[in-house]
Structure formats: structure tokens, C-alpha cells
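Q: Model the structure of this input:
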Amino acid sequence: MTFYFFREDLTALEEQIKKLDTQRREWGKVMGEATRQSAETFHDNFPFEDANRQFEMLSVRIHDLMAIKSCARLVDGSVARTDRVSIGSLVTVEDKETRELRQIRIGSYMVLTERGMDPVLTVSYSSPMAKLIMGARVGDVRQGKVGETMRQLQVERIE
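A: Residues are numbered from 1 along each chain as shown. Sure, this is the predicted structure:
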């Protein structure tokens, strides 16, 4: 499976992996200290058990993120299509029930970078809302579940 990323999100993913690895190493040190403070390595040694649990959880998370990174492919969001909704598109949709207009940017597989004060909602292309409108053209109405709510969205503009 291929996961598409913009450069800034892939860089943020790499930084997150490094941060988690640093945390995992710290928990490894705590495990070592806990075994020196007690004759028991794990039985009835809460500091060791807690550190081991944290170490294992971080190891699984790092493994999962490394698997995603190994299948990552860079895309250039500045060349998004304007005839159909695609990764990188800035889309204006109208909720047909509420008549509310909303701008949505279709982002990377994992949207990891902060958008600051940008009022545009950036969603992963794999999110339910993006899946609903991916491939749509201006004027198309798409209906489906977003979360627990049925939505009917009409594509008003693609930039």
C-alpha cells in the first residue's frame, strides 16, 4: 500500500518517530534503574512493570509509523488538479442540509503539520469527508456518512 505525503508532513512524521524513539530510550533507562533497585526484575516491581509497559507501547507505535514511512511517496500539493477533487485540492463544498459553505484542503495521508490561523479545514485524503468528495467535479453532489452523520455535499469550487 502506498501512502501519499506532502514534504512537510513527511518531515513531521520523521520528527515524530525520532521523538518517540527518544522517549522509548528514556523508558529503557527507567527499566534498568528499576532492576537495580530491587532483587525482582519484573515480579512485584511496579516501576519496572510501568516502564516496560510504556516501552512496549512506544515500540509498537514506532513500528507502525516506520511501516507507514516505508510506504510513503512524496506528492507536490502545488500541482493539484482543478477539474476534480484530488490530493492538494482546496475545495469549497456546500452542506445541502444546512446550506453551510465550507472550505476543505485535501491533505496527506497523515496531516501532521500545524496550519496556524488558517481557517481552512485540512483533512487527510483517507478521512471520511475527503473520501466522500475525492474525484468529484464542480456541481457534483456526494452523499455518505461522515462520522455518525449522513452528509450530502455539493462541490462548489476546486482550486
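
Q: Tell me the helix or strand right after the helix or strand where L20 lies.
A: For L20, the host element (DSSP states H and E) is helix 7-36. Using DSSP H and E, the next helix or strand after helix 7-36 towards the C-terminus is helix 46-70.

Q: buried stuff in that next one?
A: 48, 51-52, 54-55, 58, 62, 65, 68-69 (16 or more other CB atoms under 10 Å). Using the backbone N, CA and C atoms, a C-beta is placed for each residue, glycine as well.

Q: now, which of those residues sits nearest L153?
A: Closest to L153 out of the buried residues of helix 46-70 is I68 (27.9 Å), distances taken as CB to CB.

Q: What's the local residue count around the residue nearest to the closest one when sequence neighbours are not counted?
A: In space, I68 comes closest to F3 once its chain neighbours are excluded; the distance is 5.5 Å by CB to CB, 6 or more residues apart in numbering. Using other CB atoms under 10 Å, F3 is surrounded by 20 other residues.
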